[in-house]
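> have a look at this prediction, sequence included:
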Amino acid sequence: MNKIILFGFIFLLFPLNSSFGATQTEIGNNIFIFVQTTVRNADGQLVVYLESTKFTDLNLTAVKSFLDFEASRGKDPVITIDGLQYQVIRRAQSQTFNSEDLVASTILSDNVDEKPVLLARFAHDGYSVIPGDTLESIWTFIRPVA
């Protein structure tokens, strides 16, 4: 009986969920980030859909540098929200799986000085994939126009 009470007390102090230790981005901060991830089977049928604005790893310095580079490559739209201007940068990543796997996070990384640098990670409960499944993650960034 004492073990059950202690176990319940520990969960009250340290709740288990995927947002524990996560950073949520909001418009009004320096950068708002939103990621949508879909997995489809070889027949194109939807298997998984996930989205989030919360990240367990967020390297804002590296993200800002990444966005400066990405914005220099083309025309990303500028929108007005409550009289303030924001640039919207949207990029997609795709991958086709050739083996069975379990995916437990959606990661955005970049190569800096020929080394991979983690920009943001959305940790989630995970999903199984099999050969032929395809993943697409659409990353949307909204940042104030200087």
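It's in.

> going forward, measure contacts between C-alpha atoms and count neighbours the same way
Fine.

> what about the helices in this protein?
Assignment of helices within the chain using DSSP state H yields the ranges 2-13, 60-72.

> where among those is average confidence lowest?
With a mean of 40, helix 2-13 has the lowest mean pLDDT of the helices of the chain.

> and the lengthiest strand in the chain, what does it pack onto?
Counting by DSSP state E, the longest strand found in the chain is strand 115-129. If you count contacts as 3 or more C-alpha pairs under 8 Å, 6 or more residues apart in numbering; DSSP states H and E, strand 115-129 packs onto strand 54-55, strand 57-58, helix 60-72, strand 101-112.

> just those: most buried one?
Greatest average neighbour count among the helices and strands packed on strand 115-129 goes to strand 54-55 (a mean of 25), per mean count of other C-alpha atoms under 10 Å.

> off-centre distance for it?
With C-alpha atoms, centre = their mean, to the nearest Å as the basis, strand 54-55 stands 7 Å off its chain's centre.

> which other helices and strands contact it?
strand 23-24, strand 115-129.

> do that again at 6 Å, thanks
strand 23-24 (3 or more C-alpha pairs under 6 Å, 6 or more residues apart in numbering; DSSP states H and E).

> as a whole number, average confidence for the strand it packs on?
63.

> and what of stretch 75-95?
For stretch 75-95, mean pLDDT is 91.

> gap between the two ends of it?
End-to-end distance of stretch 75-95 (C-alpha to C-alpha, to the nearest Å): 25 Å.

> got the buried residues for it?
The neighbour-count check on stretch 75-95 (16 or more other C-alpha atoms under 10 Å) flags 86-90 as buried.

> what about it, distance to the chain center?
That offset, for stretch 75-95, works out to 16 Å (C-alpha atoms, centre = their mean).

> then stretch 87-99?
That offset, for stretch 87-99, works out to 11 Å (C-alpha atoms, centre = their mean).

> contacts for it, please.
Residues outside stretch 87-99 that contact it (C-alpha atoms under 6 Å, 6 or more residues apart in numbering) are 76-78, 130-143, 145.

> buried subset of the residues you listed as a ChimeraX selection?
In ChimeraX syntax, the buried subset of the contacts of stretch 87-99 is picked out as below (16+ other C-alpha under 10 Å):
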select :132,133,134,135,136,137,138,139,140,141,142,143
